[in-house]
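Colleague: predicted model, plus sequence, below.
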Amino acid sequence: MGHHSTTHLQIPSIRESHDLGFDAHPTKVKAWVEKLPLADVGRSARMIYHALVTMNRTLIAMQHRSQILELFREPTHHITETLKKYYIGQAFPLADKNYKAAMLARELHSEMANGYKIVLSSLLTNQTPVFTAGKSLIPLHRAMHYLTELLITSYQTYTPCPATTWHDIHQLHHHAELKVLDQSPIHDGSHKMPPHHNIGNLYKKILLLSIAGPYHLSQSEISTAFSALDQWAAHSTLTPMLNADDLPEAYIINQDKDEPTAFLTANRLRRDKNRILSGCLALNTTDLVAHLHSIANQTTPQALLPAEAQLSPALVRRLISAWSMTSKRNLSRIQKNATLIIGLGLKTAHHVTANNLDPDKVRPHHIPAPNVAQFTSRELGGAETTAPAHDVWNRSHQTAYARTQQGLTNDEDIGKSIQGMSVYATYNCKVVNESAGGACLSWTDTLTTALRIGEIIAVHGTREEDTSEWGIATIRWMKNTTPTTLEFGIQMLTPTAEAVQIRRADTEINEFLAGLLLPELKVINQAATLIVPAQLFTSGDKILVKINNCTQHFILHELVEDTGIFNQFRFSLAPNLSEPLMSASTEDKQKEFESLWATI
């Protein structure tokens, strides 16, 4: 059980005696820390976790507690960074071991935050005549830093953040502002932590990340956006909400609540003025959005900051949309007790669409786990085929970004990732609710493939429905509502699609790849588009598209969407160009493949 401190922070109940397992004097603790078996992560994690939990519930002199926590920072950082391999880049839903490792990392951050909150509470409770507000600067910043790490771990594992997390973050900032410490520079001797300039800047970073919709972002996008906010947060302003009548649409922060922000329109602000507490803050993102627009229009990468250069154009567009202070979409959602059948991935979507398969006729096919690469063709509707397997371009063109999202770092990992996985398998998912543009689905069983934000899925109604058409959707967000239940949101792209085979028109490699042709939807003024694997094509490319054994030449135009897993392009028909001639010399071919050897 916890209790509230004088700063209204949630801290553990403290007793006078506990067996710490070590002498609580800083000199003795330093020697204990230096002997930690950090090479044995499991053992050292258990020792650090037990020590933190016990120490945070034991009466210790405030000065000693503060020094001990500083000694614990480095080994805790080492352990939590090592634990990331169990949940960053892994398939979701996480396996039980991986989930527990992620929760351990989160608890270590939580206990470090608890320790600094106890130090802060002791400072304020036992103020002496020589007490100065500056003494609380470091524990304020440290507590907020570790609560931030706790939040990011929750976001990257798509799990709800623990209760009171946001309340404590708000109260820490409120106290820093009250003591005029929110703009005081932080001098951190440890270079292992991000260089947050001050508590006010860190607070805005956390708020902005929450507004960005982290459960809609991939793990790497969460990290990239948060890093970029080191510089971007200064472009936003946080001010007291003095007069609701004078405010435009705004993000409102009620620091007495255990929640991040609320978006209120101007009409809502005027209507609910009397119910909005005078102590609330308003976050203005107008200048930040303008800065992001300049990044989106920047044609010279050298003019960008290092963190900005790592941002994909698609992520910049999503952040602009999230941080723009315009009325948010609020489609009504209908609770529904139904089941949808889904097929994960572009290959599966292509397969079931090409063959107009009834869900009962979709059979899983298992791929062996070889130690060497397999290069054969895939089964594509309407084409002469051989045994189904991976196509040769799947790995030779795989980008570092895509490999990170899949948790693949080398060929051995790739071999492990496909072991036992089902190709063309379908899964039953419970519909939690649905709206005009999509649905929230629930998954409780073990998946044989990975759910990823931005993945293409084929969607079919119940097996009793008299239709063989599959809709095409994409996964927009994920959230572990319980350790065994993963909910994810899908956005419908089209109620039907045409399976096609595609390849570049200027290559001598005759291998075709799976693609999807999405028809024009006049009702929503959406032109026909083409879904292709990510990173293989760019605007302006000429491609060959095979539809029902008829080959046509297309030119790719505007990139509508890039999720890192698939690209969606507008296109037009091109003049029927002749097939490229097989005239390259053997030497030229050898040079062409030089970049391939290290990646297969």
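Modeller: Right, received. Where do you want to start?
Colleague: residue 226 is in what secondary structure piece?
Modeller: Assigned by DSSP states H and E, residue 226 falls within helix 219-232.
Colleague: now do that helix: which elements does it pack against?
Modeller: With contacts taken as 3 or more Cβ pairs under 8 Å, 6 or more residues apart in numbering; DSSP states H and E, helix 219-232 sits against helix 137-156, helix 199-211, helix 286-296, helix 306-309, helix 313-323, helix 400-406. Using the backbone N, CA and C atoms, a C-beta is placed for each residue, glycine as well.
Colleague: if you set the cut-off to 6 Å instead, what comes out?
Modeller: Under the contact criterion of 3 or more Cβ pairs under 6 Å, 6 or more residues apart in numbering; DSSP states H and E, helix 219-232 touches helix 137-156, helix 199-211, helix 306-309.
Colleague: how about the shortest one: buried residues?
Modeller: Right, helix 306-309. Buried residues in helix 306-309, defined by neighbour count with 16 or more other Cβ atoms under 10 Å: 307-308.
Colleague: how about that helix as PDB, C-alpha atoms only?
Modeller: Provided in PDB are the C-alpha atoms of helix 306-309 (Å, rounded to 0.1, in the frame of the first residue of the first chain):
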ATOM      1  CA  PRO A 306      20.600  15.100 -36.700                       C
ATOM      2  CA  ALA A 307      17.400  14.000 -34.900                       C
ATOM      3  CA  GLU A 308      15.200  15.600 -37.600                       C
ATOM      4  CA  ALA A 309      17.200  13.900 -40.400                       C
END
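Colleague: how about the helices in the stretch 451-600 of the chain?
Modeller: 586-592 (DSSP state H, counting those that start in this stretch).
Colleague: quick one on the thing from earlier: mean confidence for the helix or strand just after the helix holding residue 226?
Modeller: Later in the chain than helix 219-232, the nearest helix or strand by DSSP H and E is strand 237-240. For strand 237-240, mean pLDDT rounds to 86.
Colleague: in strand 237-240, what's buried?
Modeller: Buried, per 16+ other Cβ under 10 Å, within strand 237-240: residue 238.
Colleague: just checking, next helix/strand downstream of that strand?
Modeller: Going down the chain from strand 237-240, the next helix or strand is strand 250-253, by DSSP H and E.
Colleague: packing partners of that following strand?
Modeller: By 3+ Cβ pairs under 6 Å, 6+ apart, strand 250-253 packs against strand 262-264, strand 281-284.
Colleague: the helices and strands packed on helix 219-232: which one's closest to residue 187?
Modeller: Minimum separation from residue 187 across those (Cβ to Cβ) falls at helix 137-156, 9.2 Å.
Colleague: which helices and strands does the following helix or strand past that closest one pack with?
Modeller: Next in sequence after helix 137-156, counting helices and strands by DSSP H and E, comes helix 165-178. Counting contacts by 3+ Cβ pairs under 6 Å, 6+ apart, helix 165-178 packs against helix 137-156.
Colleague: okay, the angle between the helix it packs on and helix 199-211?
Modeller: Using axes from the mean of the first three to the mean of the last three Cα atoms, to 10 degrees, the inter-axis angle of helix 137-156 relative to helix 199-211 is 10 degrees.
Colleague: cheers, nothing more for now.
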